[in-house]
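Q: just need the structure, nothing else, for what follows:
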Amino acid sequence: MLITAGNLIEAMAEDKVQAKHYSLDKIRNIGIAAHIDAGKTTTTERILYYTGKTHKIGEVHEGTAVMDWMEQEQERGITITSAATTAFWKDCRVNIIDTPGHVDFTIEVERSMRVLDGAICLFGAVEGVEPQSETVWRQADRYHVPRMAFINKMDRVGADFDSCVQQFKDRLGANPVLLQLPLGKEDSFKGVIDLIEMNAKVFKDETLGAEFETIDIPAADQGRAKKAHDLLIEQVSEHDDKLMHKFVEGEKPTIEELKAGVRRATNAIKILPVFCGAAYKNKGIQQLLDGVVDFLPSPVDVPAIKGKKPRTSEVVERHPSESEPFSALVFKIASDRFAGGGNIAYIRIYSGMLKSGSYVYNTSKGKKERVSRLLLMHANKREELQEAGAGNIVALVGLKDLKTGDTLCDESHEIELESLFIPDPVISLAIEPKTKADRDKLSQTLQRMGQEDPTFRIKSNEETGQTIISGMGELHLEVIVDRMFREYGVQTNVGKPQVAYKETIQAVAKAEGKYIRQTGGHGQYGHCYIEVSPLERGKGVEFVNKIAGGTIPREYIPAIEEGIREASQNGVLAGYPLVDFQATLYDGSYHDVDSSEMAFKIAGSMALKDAAKRAKLILLEPIMTVEVSVPEESMGSIIGDLNSRRCIIQEMTTRGAVKVVKALAPLSEMFGFANAIRSLSQGRAVPSPMEFHSYKEVPTNIARAIVEGEHR
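A: Below is the predicted model of the structure:
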């Protein structure tokens, strides 16, 4: 059977298809995620071409990829911001989010996973499971996202399909189930063996893969295909009662029954369907699209979204139905240069209908706002919509007071949906405007960029008067500064990168906070006793009220908590945030006339600072996961460099012809690391982007130097 580009004519005429209303079971909300340089954007570009969304294949290395539309993306050849688009395949509407692979932009993956129903995880056939692959996997686990695996770059020298599958088990804890086998590998890779239909697809290079021929499985591959097919039936039957009954009886399931079983097991996250191909060489993408439609869930296949009523905290559900009250989650804010400097808000609609020009209620802010326009996005291009229903991902224009994670709903049916996990930044820069004209624009620009990116933080250093910006890595802040100049015309001077240290305590301590001021007339009186105790890493700040008997009126308790939390932001030891402790309020007193919320807030702040000084304060530093691919002859010098940077070597493995060193390293020691190892290996050693691992105590001598430097 010959599949030709002519068969895709209906799919090519997308402008006509847009008007069609798609039922919920015909919608797929998917993301494409992976380690950097695994081929996510290249794969997305092929999807857009084969579905007729574009008529020319864009290439990342040429800067012509549709989804990498930012100048910074085109120059660097990497994805920086997640881009949404919509394509159509087999009478289904597929909403796609292409995500970055670089760890500095991990928030883009995080917020995408929060609103997706399914995901395609890409892996390089040579590299296999890499550090950011594991991070992406954990993010998908956090939001219970069913996924498929696509082993890309099967045409590369050193491609190893079986090794990748084994790594899925060993490094991800996944249960891979092969739906395809590669037909050839490296230079001889020409197609895939379909283990459900038991045939082979051979792609024609002269048609950019749009044409492929379905043939019988070659005789040399029939043995391994039969073995893999039998294993497929056995693995799926373990998670499907209908197929298990047939398996026990020795009956073969039909193709339709096997596909249905794979779909049910995939949606229940019991198995990981595995596909393969070579996106750059235009092989295997149509079959991957078939897999999206056949095996990944539609909005009706995932559980109803749960949320809380704002004032009562009562748990309520919203089912994916257009007849239910409207509810949606804002998962991304982007600056809209075409709307007078306003913002575009990307939302996932979980229930109900939304019409252009209608009003929505922001539960998180307690405000009602009007949606001036409703848009369907295709990277940075847009299409006006009159309405959109449950299950869709669209963009709104006209809402001013929004942030990532806000819930929009029907005012008469309030609900607040769970927000998303936002990691803390690990690196900072001091920034200042170059000219007086830039000074006027800098604050507003920083505020807008902070609204777009929840991992980008801005604060002022009260002692020096400097503005400090913080982010997830050097590249993250470099792109921020570049965007400020290109998009907003703000020129800046920046200082050297600084590590985002934190402070914590190691012992239990008590302290009194007393604030008394008499200035004639009413004075100020606030008085409290607190106890601080250490918590495990990552717990943040917890406040416990154990006041009994009315020694402090109830209305002043929140003020004490606010004072403690505010004081913790500036630390005690060296001005870094104080974290991972519990503050327990257990006693205090008040004055009938002079007590006020402000007085108790100050008293709480004073008590925390005093208690922390007695609780064995230590400094914490961010520890990063570092992975380096090293030729064997350079191993000694690279290991020596890592050891000089206080690294702890975790493991050394072999990947093809190179050694892979995995280590834990303090971020403070890793500036200039990439240049150093390239020099030591004549440019042959390749570092992966560093990934945050945890916060650990700074050695005493180094901590002393840091503290003295801060107070000098």
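Q: C-alpha only now, for contacts and for neighbours.
A: Noted.
Q: is it fair to say residue 470 lies in a strand?
A: Yes. Under DSSP: H, G, I helix; E, B strand; the rest coil, residue 470 falls within a strand.
Q: spatially, what comes nearest to it if we skip its sequence neighbours?
A: Once flanking residues are discounted, residue 470 sits nearest to residue 428: 4.1 Å by C-alpha to C-alpha, 6 or more residues apart in numbering.
Q: show me where pLDDT drops low in the stretch 351-500 of the chain?
A: For the stretch 351-500 of the chain, applying pLDDT under 70 flags the ranges 379-380, 461-465.
Q: rerun that using 80 as the cut-off
A: 377-382, 423, 426, 439-440, 460-466, 473, 487, 496-497 (pLDDT under 80).
Q: what ranges do the helices span in it?
A: Secondary structure of the stretch 351-500 of the chain (DSSP state H, counting those that start in this stretch): helices at 436-452, 474-488.
Q: same thing with the stretch 101-250 of the chain?
A: Going by DSSP H, counting those that start in this stretch, the stretch 101-250 of the chain shows helices at 106-115, 131-142, 161-172, 222-237, 241-249.
Q: quick one: which of the ones you listed is nearest residue 400?
A: Nearest of the helices of the stretch 101-250 of the chain to residue 400, taken as C-alpha to C-alpha: helix 106-115 at 20.0 Å.
Q: list the contacts of that closest one.
A: Contacts of helix 106-115 from elsewhere in the structure, counted by C-alpha atoms under 8 Å, 6 or more residues apart in numbering, are 31, 33, 81-82, 97, 99-100, 136, 139-140, 143, 145, 329, 331-332, 348, 420-423, 453-455.
Q: export the helices of the stretch 351-500 of the chain to a markdown table and tack on mean neighbour count?
A: Output for those, formatted as a markdown table (neighbours: other C-alpha atoms under 10 Å):
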| stretch | mean neighbour count |
| --- | --- |
| helix 436-452 | 16 |
| helix 474-488 | 16 |
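Q: and residue 536, which of those helices is closest to it?
A: Proximity to residue 536 (C-alpha to C-alpha) singles out helix 474-488 among these, at 28.2 Å.
Q: the inter-axis angle of the closest one versus helix 436-452?
A: Between the axes of helix 474-488 and helix 436-452, defined by axes from the mean of the first three to the mean of the last three C-alpha atoms, to 10 degrees, the angle is 120 degrees.
Q: which helices and strands sit right next to helix 474-488?
A: helix 436-452, strand 467-471 (3 or more C-alpha pairs under 8 Å, 6 or more residues apart in numbering; DSSP states H and E).
Q: ok, the residue lying closest to residue 257 once chain neighbours are set aside - contacts?
A: Among residues not flanking residue 257 along the chain, residue 243 sits closest, at 7.7 Å (C-alpha to C-alpha, 6+ apart). Counting by C-alpha under 8 Å, 6+ apart, residue 243 touches 236-237, 253, 257-258, 261.
Q: on that earlier part again, any idea which of the helices of the stretch 351-500 of the chain gets closest to residue 565?
A: Short answer: helix 436-452, nearest of the helices of the stretch 351-500 of the chain by C-alpha to C-alpha, at 21.3 Å.
Q: residue 629: which of the helices of the stretch 351-500 of the chain is closest?
A: Among these, helix 474-488 comes nearest to residue 629, with 20.5 Å by C-alpha to C-alpha.
Q: quick revisit: redo the helices and strands packed on helix 474-488 as JSON lines? Include distance to residue 25.
A: As requested, those are arranged in JSON lines below (distance: least, C-alpha to C-alpha, whole Å):
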{"stretch": "helix 436-452", "distance to residue 25": "32"}
{"stretch": "strand 467-471", "distance to residue 25": "39"}
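Q: out of these, nearest to residue 631?
A: Nearest of the helices and strands packed on helix 474-488 (C-alpha to C-alpha): strand 467-471, 32.3 Å.
Q: now the strands for the stretch 451-600 of the chain?
A: Secondary structure of the stretch 451-600 of the chain by DSSP state E, counting those that start in this stretch: the strands cover 457-460, 467-471, 492-494, 498-499, 502-505, 509-517, 524-534, 541-545, 581-589.
Q: most packed of these?
A: With neighbours defined as mean count of other C-alpha atoms under 10 Å, the strands of the stretch 451-600 of the chain peak in mean count at strand 502-505, which reaches a mean of 26.
Q: sweet, I'm off.
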